[in-house]
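A.B. asks: Give me the fold of what follows.
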Amino acid sequence: MAVAVDMKALLEAGVHFGHKTSRWHPKMAPYIHSKRQETHIIDLVKTAEGLEKALPFLTKTVASGKKVLFVGTKKQHKDIVKATAEAAGQPYVTERWIGGMLTNTTTMSSQIKKLHDLERRMASGDLEKRYNKLEVQRFAEEIEVLNQKYGGIKDLSGIPGAVVVVDTIEDAGAIREAKNLGVPVVGVVDTNADPSKVDYVIPGNDDAIKGTELLLSYFVAAVKEGATKEGK
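C.D. replies: Numbering: from 1, shown residues only. A predicted model of the protein is given here:
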């Protein structure tokens, strides 16, 4: 059953509020409904249409056995994106996007292998047996730093089937790498951003927490639906 989009909920969450008219991107013109004082108002019909295309795609991606990588490194997005991805059992990046996270597989694999090895040795007590308390503490700190950088993708095997970006300007690096690899991008695109950079455009406010939470709830519902169909 496809995920249903509620237009009233989009309105109540403030998804329709764009940026000031002076900051708009001309390519967003088809997605703008009107102007209110000095602010562009996003056409929520277009938002719903974007979701109705993107959500079945995410469901199909997960049903095929591929992962969806959630990216949101803006301060107000971090906790929401992490919670959403974890609830859906999907990888995520909520700290700074490190160049090469998708394209430099050699370096990323090395760092993630190091993280897994240190975690395994810490859990087994091997580090405690071999090193003094100060050295073990340093290993614990290293594990914490590595988890901060790579924890959300440490269980991602290979290239994801899709990338969801909740702020296409803030995380332009993630979009570039996904495009270089031919990985489709679902992006929440505000009125100051270039919609041509993503494959599935979700025109909407990329600052309001309520709006972000609502859009992410749709994404996670689509992903969970795909998980129930995986392998069928």
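A.B. asks: contacts, neighbours, all on C-alpha from now
C.D. replies: Fine.
A.B. asks: okay, now residue 152: neighbour count?
C.D. replies: 21 (other Cα atoms under 10 Å).
A.B. asks: Can you give me the distance of it to residue 64?
C.D. replies: Distance, residue 152 to residue 64, by Cα to Cα, to the nearest Å: 21 Å.
A.B. asks: and residue 92, what are its bridge partners?
C.D. replies: Note on residue 92: beta-bridge partners by DSSP bridges are residue 70.
A.B. asks: Give me the pLDDT for it.
C.D. replies: As predicted, residue 92 sits at a pLDDT of 97.
A.B. asks: do the same with residue 231
C.D. replies: In this model, residue 231 carries a pLDDT of 62.
A.B. asks: do residue 228 as well
C.D. replies: Reported pLDDT for residue 228: 89.
A.B. asks: Where does it sit, in terms of helix or strand?
C.D. replies: Using DSSP states H and E, residue 228 maps to helix 209-229.
A.B. asks: Check which residues of that helix are buried.
C.D. replies: By neighbour count with 16 or more other Cα atoms under 10 Å, helix 209-229 contains the buried residues 209, 211-216, 218-227.
A.B. asks: and what of stretch 186-196?
C.D. replies: 186, 187, 188, 189, 190, 191, 192, 193, 194, 195.
A.B. asks: Please state the offset of it from the chain centre?
C.D. replies: Relative to the mean C-alpha coordinate of its chain, stretch 186-196 is positioned 14 Å out (Cα atoms, centre = their mean, to the nearest Å).
A.B. asks: Endpoint to endpoint, that stretch covers what distance?
C.D. replies: Stretch 186-196: ends 11 Å apart by Cα to Cα.
A.B. asks: And the average pLDDT for it is what?
C.D. replies: Throughout stretch 186-196, pLDDT has a mean value of 97.
A.B. asks: related to what we said a few turns ago, dump the buried residues of stretch 186-196 to JSON lines, plus distance to residue 72 and secondary structure.
C.D. replies: Below are the buried residues of stretch 186-196 laid out as JSON lines (distance: Cα to Cα, whole Å; DSSP: H, G, I helix; E, B strand; the rest coil):
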{"residue": "186", "distance to residue 72": "12", "secondary structure": "strand"}
{"residue": "187", "distance to residue 72": "11", "secondary structure": "strand"}
{"residue": "188", "distance to residue 72": "11", "secondary structure": "strand"}
{"residue": "189", "distance to residue 72": "13", "secondary structure": "strand"}
{"residue": "190", "distance to residue 72": "14", "secondary structure": "coil"}
{"residue": "191", "distance to residue 72": "18", "secondary structure": "coil"}
{"residue": "192", "distance to residue 72": "17", "secondary structure": "coil"}
{"residue": "193", "distance to residue 72": "15", "secondary structure": "coil"}
{"residue": "194", "distance to residue 72": "17", "secondary structure": "coil"}
{"residue": "195", "distance to residue 72": "17", "secondary structure": "helix"}
